[in-house]
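Trainee: Provided below for reference: sequence and predicted model.
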Amino acid sequence: MPLAVLSAAQFLLALDYSIVYVALPGIARDLHLGLSAAQWVVSAYAVPFAGFLLLGGRLAERVGPGRLFVAATLLFGLASAAGGLAGDGPVLLAARAVQGVAAALLQPAILGLLGARFPAGPARTRALSVWSAVGASGLAAGVVLGGALTRYSWRWTFLVNIPVTLACAAGAAIWLRSAVRGPADRDPVGAALLGTGAAFGASLGLTLGGPAGWAMVALAVVLLALTRAPQPRSLRVGAVAAALYMASVGSEFYVVTVMLQDRDGLSPLRAGLAFVPLAALVTVGGAVTGRLVRRFGAGRTLAAGFVLAAAGLAWLAAANRGYAAAILPGLLVSGLGHGIVYTSMFNVGGRDVPAERQSSAGAVMTTAQYLSGAVAIAALTLPLRAGSYSAAFWATAAAAFAGALVALRRTAAD
């Protein structure tokens, strides 16, 4: 049961990142938001999620991941209720930001509990494979569930979280009370604030464009350079892989959603159903990754996943007209790669990290993941606003290809 509770919580975090994709047109219409403003419904979650993960990792080690898990889950549920009842754009964006902070506390608590409950070696590899496979399927399932719920109201994409958070909090109180605490190091508040400033500045700058926008992007680069580089080397590789994952197949859902609804005129329900094959292949990819890692190693498996992801995204870039002949094959291939990448990158990143530091290590990787996600969504909005869907897909394919090169370099170094 402990692994089931942790996997359900991870499913929720991933689900909530993508569940609003299909709902964005309805949210924008009801709350009078343009495309650039509507993408902040995604970024308002991703930016604080990325920025406060380092702080969340240290808090998990100091107060205990079990306690932090319960508190963060309940906060996530309250923010979800506020988002579902929001009457205007600012209230909704504020609720999404609180969700992001709660997620930043919850994610490292989950990883800390995984490290404490499952010792390094085959047991932890199996647990990470199950947990990450469920998380990857959550990102894919979000767009499917979002399409079904938006048929009634976009508000249900927020309200649906409430029973899940209550169940996870209750399960944690029963099965996950005890956990390892690390040394009482100083909380990296400065690093967390720098990370948040970098994500916010880059996202806003790319959204605004022009001289002021690019000045904000430059400032974000400076802020990011001032944050600490992760150690050891396996964690650095895992963090880079996580960033490139989110810039490639992690952002694919956003591009496909905008394309299906804005260009092809599909309803939210039909757009959500179009993602069912992708969600199925993501789940399959995550499910087979554990066996692939045991047979070929995490580095080679990660590289193979990125190659599949790049191939599927390139297919979508080259032939994105017509669902059955053009879109579906790209979704299937990229979905399989997606599941493999998501599951294997945590095996790569956490391999050399002791149990008492799993919370902080996971925070570093997820910071890279969601910082990249916030910037990628803002960057992809530029070609999408111009109707250049192929350019957006080529950009995600290039990120996946770069991920394959990083993974192969790591494998060669081993």
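Mentor: Structure's in. What do you need?
Trainee: state the mean pLDDT of the helix or strand where residue 138 lies.
Mentor: Using DSSP states H and E, residue 138 sits within helix 122-150. Per-residue pLDDT over helix 122-150 has a mean of 76.
Trainee: buried ones in that helix, by neighbour count?
Mentor: 124-125, 127-147, 149-150 (16 or more other CB atoms under 10 Å). The way it works is simple: take the backbone N, C-alpha and C, and place the C-beta from them, glycine included.
Trainee: what about residue 163, neighbour count?
Mentor: 10 (other CB atoms under 10 Å).
Trainee: over to the one 4 residues further on?
Mentor: Residue 167: 15 surrounding residues under other CB under 10 Å.
Trainee: what sits closest to it if chain neighbours are left out?
Mentor: residue 8 (7.2 Å; CB to CB, 6 or more residues apart in numbering).
Trainee: try residue 89
Mentor: Closest to residue 89 by CB to CB, 6+ apart is residue 31, at 4.5 Å.
Trainee: dihedrals phi and psi, that neighbour?
Mentor: With angles defined as degrees, to the nearest 10, residue 31 sits at phi -100, psi 10.
Trainee: now do the contacts for it.
Mentor: 86, 88, 89, 92 (CB atoms under 8 Å, 6 or more residues apart in numbering).
Trainee: for the residues you listed, which one is nearest residue 366?
Mentor: Residue 366 has its nearest neighbour among the contacts of residue 31 in residue 92, at 23.5 Å by CB to CB.
Trainee: what about the stretch 151-300 of the chain, any weak spots by pLDDT?
Mentor: For the stretch 151-300 of the chain, applying pLDDT under 70 flags the ranges 176-193, 195-196, 199-200, 203-204, 206-209, 224-232.
Trainee: ok, now the stretch 1-150 of the chain?
Mentor: 35-36, 119-121, 124.
Trainee: for it, just list every one of the helices.
Mentor: Counting by DSSP state H, counting those that start in this stretch, the stretch 1-150 of the chain has helices at residues 2-31, 35-38, 40-51, 53-63, 65-84, 89-117, 122-150.
Trainee: tell me where the stretch 201-350 of the chain has helices.
Mentor: Going by DSSP H, counting those that start in this stretch, the stretch 201-350 of the chain shows helices at 210-226, 233-247, 249-258, 268-274, 276-296, 298-318, 328-349.
Trainee: any chance of those in CSV, with mean neighbour count and distance to residue 41 too?
Mentor: As requested, the helices of the stretch 201-350 of the chain are arranged in CSV below (neighbours: other CB atoms under 10 Å; distance: least, CB to CB, whole Å):
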stretch, mean neighbour count, distance to residue 41
helix 210-226, 14, 20
helix 233-247, 25, 17
helix 249-258, 27, 11
helix 268-274, 21, 14
helix 276-296, 20, 21
helix 298-318, 25, 24
helix 328-349, 27, 22
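Trainee: quick one: closest of these to residue 82.
Mentor: Here helix 268-274 is closest among the helices of the stretch 201-350 of the chain (CB to CB), at 22.2 Å.
Trainee: how far does the closest one sit from its chain's centre?
Mentor: 21 Å (CA atoms, centre = their mean, to the nearest Å).
Trainee: got the contact list for it?
Mentor: So helix 268-274 is contacted by 22-23, 25-26, 143-148, 150-151, 256-257, 260-261, 266, 323, 327, 331 (CB under 8 Å, 6+ apart).
Trainee: and stretch 162-181, by the same measure?
Mentor: So stretch 162-181 is contacted by 1-2, 4-6, 8-9, 12, 61-66, 69-70, 73-74, 76-77, 80-81, 112-113, 115-117, 355-356 (CB under 8 Å, 6+ apart).
Trainee: next: stretch 87-102.
Mentor: 16, 27, 31-33, 37, 40-41, 44-49, 52, 72-73, 75-76, 78-80, 82-83, 86, 158.
Trainee: pull out the buried positions in it.
Mentor: 89, 92, 93, 95, 96, 97, 98, 99, 100, 101, 102.
Trainee: do you know how far the fifth one is from residue 84?
Mentor: Counting by CB to CB, to the nearest Å, the gap between residue 96 and residue 84 amounts to 11 Å.
Trainee: dump stretch 277-291 to PDB, restricted to CA.
Mentor: C-alpha atoms of stretch 277-291 as PDB (Å, rounded to 0.1, in the frame of the first residue of the first chain):
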ATOM      1  CA  PRO A 277      -3.600   6.100 -27.900                       C
ATOM      2  CA  LEU A 278      -0.800   8.300 -26.700                       C
ATOM      3  CA  ALA A 279      -1.800   7.700 -23.100                       C
ATOM      4  CA  ALA A 280      -1.900   4.000 -23.700                       C
ATOM      5  CA  LEU A 281       1.600   3.900 -25.200                       C
ATOM      6  CA  VAL A 282       3.000   6.100 -22.400                       C
ATOM      7  CA  THR A 283       1.800   3.500 -20.000                       C
ATOM      8  CA  VAL A 284       3.200   0.700 -22.000                       C
ATOM      9  CA  GLY A 285       6.600   2.400 -22.200                       C
ATOM     10  CA  GLY A 286       6.700   3.000 -18.500                       C
ATOM     11  CA  ALA A 287       5.700  -0.600 -17.800                       C
ATOM     12  CA  VAL A 288       8.500  -2.200 -19.900                       C
ATOM     13  CA  THR A 289      11.200   0.200 -18.700                       C
ATOM     14  CA  GLY A 290      12.100  -1.700 -15.600                       C
ATOM     15  CA  ARG A 291      13.000  -4.800 -17.600                       C
END
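Trainee: distance from the chain centre to it, please.
Mentor: For stretch 277-291, the distance to the chain centre is 16 Å (CA atoms, centre = their mean).
Trainee: what's the answer for stretch 62-79, then?
Mentor: Using CA atoms, centre = their mean, the offset of stretch 62-79 from its chain centre is 19 Å.
Trainee: so what's the backbone phi/psi at residue 86?
Mentor: phi -60, psi 140.
Trainee: got the contact list for it?
Mentor: Per CB under 8 Å, 6+ apart, neighbours of residue 86: 31, 92, 95.
Trainee: okay, the nearest residue to residue 319 once chain neighbours are set aside and residue 381: tell me how far apart.
Mentor: Computed as CB to CB, 6+ apart, the closest residue to residue 319 that is not its neighbour in sequence is residue 326, at 4.0 Å. Per CB to CB, residue 326 is found 23 Å from residue 381.
Trainee: those two: which is more packed in?
Mentor: residue 381 (25 against 15).
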